[in-house]
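> got a predicted structure here, sequence first:
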Amino acid sequence: MTHPFEVRGEITADATPDQVWDAITSGPGVDSWLMGRTEIDSDNKTSTFDMFGNTTTSAITAWEPGHRYATREDQNPDGTFMAFEWLIEARGGGGTTVRFVHSGLLGEDWEAEYNGLSVGDHAYLSKLAVYLAHFAPRTATRSTFLPGPITRDSWAAMTAAVGAGPDAANGQPARLTVPGIDPVDGVVEFVFPPSFVGMRADNAMYTLIHGYNDMMFATAHYFDDRDRSAETQAWQAWLDALA
């Protein structure tokens with residue numbers, strides 16, 4: 001049996017509508033704030049998304065540059081699918097309002113999926129806002145998205161990793177303190193206890209998420225050309241230690 005769902009979100013972006021459009025409708029732009037890898041073919045009106053080797057294909061159902069973008073996944077054999085709609089509106093005095101609707105049909109484990117999507121969508125909208133304010137038009141040269149163990153409560157470890165306490169707040173100084181990674185100074189950009197915390201450095205954006213089925217995830221988007229392989233290994237070791 002399938003179950004309909006809908007997740008809505010809205011952010012105010014420190015960017016023009018055209019900059020928002022580029023961030024949500026180009027593969028390199030999307031890969032600068034979302035997990036996995038996205039390819040968008042505007043000519044053929046298709047979008048593909050790959051994560052951990054699982055690829056989904058979507059039809060682009062709305063393409064109104066600077067205003068509206070929407071996609072709908074091919075339906076799975078069990079009838080499930082997801083659809084996304086983005087609405088972009090310039091604000092008087094500067095900036096852009098971005099509205100987001102994630103909908104479709106979920107399967108038997110729909111409650112856990114819905115809870116995970118609610119957390120994940122909120123986290124990635126927050127990352128999009130940070131990307132637009134501080135990194136665009138640059139795009140990420142490399143991204144890391146690592147799944148970790150199932151944990152009941154990792155909030156203290158998550159906030160400690162970015163050099164903040166459990167009462168971390170947006171805008172406070174951050175200092176990445178993960179064994180195996182040289183300390184990195186930055187700013188705590190978004191906090192949503194106990195689900196996710198993110199920090200921004202000069203050339204990177206880091207997010208730790210406690211999401212779907214209580215699974216931990218570590219994500220990073222890098223905007224320089226340094227070799228990050230050792231850092232990826234360090235993040236994996238940090239996740240493993242939470243088990």
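That came through, no problem.
> let me see the contact set for the nearest residue to D202 once chain neighbours are set aside.
Spatially, and ignoring its direct neighbours in sequence, D202 is nearest to G186 (7.4 Å; Cβ to Cβ, 6 or more residues apart in numbering). For every residue, glycine as well, the C-beta is placed using N, CA and C. With Cβ atoms under 8 Å, 6 or more residues apart in numbering as the criterion, the residues that contact G186 are V162, P173, A174, R175, L176, M199, R200, A201, D202, A204.
> the second one and V101: what is the separation?
Here P173 is placed at a distance of 35 Å from V101 (Cβ to Cβ, to the nearest Å).
> can you check the fourth one too?
In this structure, R175 and V101 are 37 Å apart, going by Cβ to Cβ.
> and for the first one?
The span separating V162 from V101 equals 30 Å under the rule Cβ to Cβ.
> compare these two (neighbour count), which wins?
Set side by side, V162 and V101 show unequal neighbour counts under other Cβ atoms under 10 Å, the larger going to V162 at 27 against 16.
> that one touches T207, doesn't it?
No. Taking contacts as Cβ atoms under 8 Å, V162 lies outside contact range of T207: 9.5 Å.
> name the residues contacting each of these two.
Overlap between the neighbourhoods of V162 and T207 consists of V197, G198, taking contacts as Cβ under 8 Å, 6+ apart.
> list the helices and strands the helix or strand containing T159 packs on?
When secondary structure is defined using DSSP states H and E, the element that contains T159 is helix 155-161. With contacts defined as 3 or more Cβ pairs under 8 Å, 6 or more residues apart in numbering; DSSP states H and E, the secondary structure elements packing on helix 155-161 are strand 196-200, strand 204-210.
> next one: phi and psi at the most centrally placed residue in the chain?
Nearest to the mean C-alpha position of the chain, by Cα atoms, centre = their mean, lies Y124 at 3.0 Å. Geometry field for Y124 lists phi and psi as phi -80, psi -30, criterion degrees, to the nearest 10.
> thanks again, I'm all set now.
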